[in-house]
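# sequence-free structure coming up:
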């Protein structure tokens with residue numbers, strides 16, 4: 001029977017099951033399992049902050065369990081690996097064969113960047129871009145740091161990119177260059193013909209066809225969602241998303257549904273499961289699809305989430321790199337984690353229970369032990385800050401470590417752009 005009404009709890013379980021939660025962690029995670037997990041999500045968002053672990057490693061760990069990160073590196077960072085990068089949500093790894101689905105976005109960005117009042121740097125770097133294309137043609141794929149050019153000088157701290165980096169990023173946005181893996185986590189750029197089969201981008205589907213396919217994939221990955229949820233997954237326009245939803249409803253792939261307490265129309269993917277119960281234990285990246293659209297996280301889980309990395313330390317409420325705690329179908333807490341590799345410990349710098357939720361400290365302790373082992377760390381340390389800190393320390397069987405102001409401060413050098 002086709003469901004047309006779901007409870008809030010059923011909607012949560014649908015969404016988490018669609019995202020790959022509800023299965024116990026595997027003892028061994030194969031390359032096939034990583035590829036299957038990637039296919040379920042459709043993309044892995046990239047972020048460079050590494051105080052605990054780079055974001056793109058975390059969603060698959062949360063769903064599959066401990067895996068060899070070097071295996072994912074071979075898949076995502078090799079010159080001709082199965083995955084490439086583009087602005088799919090934010091900067092993200094996507095299946096290399098999916099790049100044609102974003103050809104329309106490349107063209108739209110080129111058109112937008114060509115507006116006379118749009119980007120002064122596009123005009124300024126025109127000559128640099130011609131030289132860079134010639135250099136890549138002659139030398140092959142290169143990272144920005146390997147380009148010897150008088151313009152390859154930063155214009156300021158952090159995001160003060162040189163004209164060389166700006167030129168490469170502009171061409172990357174437009175599809176004139178593509179990613180050819182990473183070197184030391186720095187993106188490597190190549191001409192399309194150097195890493196893609198001939199004609200890959202030239203034979204892309206028309207914009208409406210590509211957007212319909214992206215909406216099909218986002219609804220399969222979400223399980224259930226409002227128009228805003230569906231549009232956000234691949235950062236699509238609301239009107240384009242609405243048109244694609246209507247076509248998929250007519251085709252029987254999406255079902256309009258009402259969800260208790262949502263106040264907005266939603267759509268259920270026809271293949272989505274509605275589990276009676278769901279067991280899950282995970283800490284989530286700030287850029288995990290479960291929480292990356294903050295409006296959806298608030299509507300679905302009652303979880304108000306704002307990342308505080310860029311907030312001055314004295315003004316932070318929960319911590320520097322705070323990860324939501326998922327237990328079953330609820331977000332029950334949040335913890336600020338740091339991998340202290342010099343001392344060989346996973347540091348829980350703050351631990352909080354969400355108001356009105358019940359955080360199971362024993363289950364979280366098990367999750368933290370698995371996380372520390374995956375990180376190659378010998379133990380877990382808990383600082384005495386947060387409403388759940390004492391309970392988590394007790395479940396781990398460790399004494400609380402006094403909080404000091406230095407715990408709140410991070411070197412600004414860690415705040416580099418994701419690309």
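Now that the structure is in, tell me what you want to look at. Just so it is clear, the structure is predicted and the values come from calculations on it, not from any experiment.
# following element in sequence after the longest strand that the chain contains, please.
In the chain, assigned by DSSP state E, the strand with the most residues is strand 330-340. Sequence-wise, the next helix or strand downstream of strand 330-340 (DSSP states H and E) is strand 345-353.
# re the thing from before, what are the pairing partners of the longest strand of the chain, and which direction each?
Next to strand 330-340 in the sheet, as set by DSSP bridges, lie strand 322-327 (antiparallel), strand 345-353 (antiparallel).
# in the sheet, who's paired with the residue nearest to the spatial centre of the chain?
Per Cα atoms, centre = their mean, the C-alpha nearest to the average position across the chain is that of residue 45, at 2.8 Å. Per DSSP bridges, the residues bridged to residue 45 are residue 92.
# quick check: it vs residue 184, distance?
Distance, residue 45 to residue 184, using Cβ to Cβ, to the nearest Å: 20 Å. Heads up, the C-betas are built off the backbone N, CA and C, glycines and all.
# which of the helices or strands spans residue 26?
Applying DSSP H and E, one finds residue 26 in no helix or strand.
# how about it, nearest residue that isn't a chain neighbour?
Using Cβ to Cβ, 6 or more residues apart in numbering and skipping residues adjacent in sequence, the residue nearest residue 26 is residue 65, 5.1 Å away.
# list the contacts of the one you found.
Contact partners of residue 65, counting by Cβ atoms under 8 Å, 6 or more residues apart in numbering, are 24, 25, 26, 27, 29, 370.
# so where's the stretch 51-200 of the chain shaky on pLDDT?
116-119, 148-161 (pLDDT under 70).
# show me where it has helices.
Remark: helices assigned in the stretch 51-200 of the chain by DSSP state H, counting those that start in this stretch are 58-64, 69-76, 103-113, 120-124, 126-139, 163-174, 192-195.
# wait, what's in contact with the residue nearest to the centre of the chain?
55, 56, 89, 90, 91, 92, 285, 287, 292.
# what of residue 271?
residue 220.
# and it, that one's in a helix?
No: Residue 271 is assigned coil when assessed by DSSP: H, G, I helix; E, B strand; the rest coil, not a helix.
# distance check, it against residue 139.
47 Å.
# remind me, longest helix of this structure?
With residue count as the measure and DSSP state H as the assignment, the chain has helix 207-222 as its longest helix.
# what angle separates that one from helix 103-113?
Direction vectors for helix 207-222 and helix 103-113, defined by axes from the mean of the first three to the mean of the last three Cα atoms, to 10 degrees, enclose an angle of 110 degrees.
# how about helix 207-222, which residues are buried there?
210-222 (16 or more other Cβ atoms under 10 Å).
# need the residues that contact that helix.
15, 18-19, 40-42, 100-104, 204-205, 225, 229-230, 233-234, 236, 240-241, 243-245, 247-248, 253-254, 267, 269, 271-272, 289.
# starting at the chain centroid, how far to that helix?
Counting by Cα atoms, centre = their mean, to the nearest Å, helix 207-222 is centred 18 Å from the centre of its parent chain.
# for stretch 94-107, same thing?
Centroid displacement of stretch 94-107 relative to its chain, using Cα atoms, centre = their mean, is 17 Å.
# name the residues of that stretch that are buried.
For stretch 94-107, by 16+ other Cβ under 10 Å, it's 94, 95, 96, 98, 99, 100, 101, 102, 103, 104, 105, 106.
# just to revisit the earlier point, now, the contacts of residue 45 that are in strands?
91, 92.
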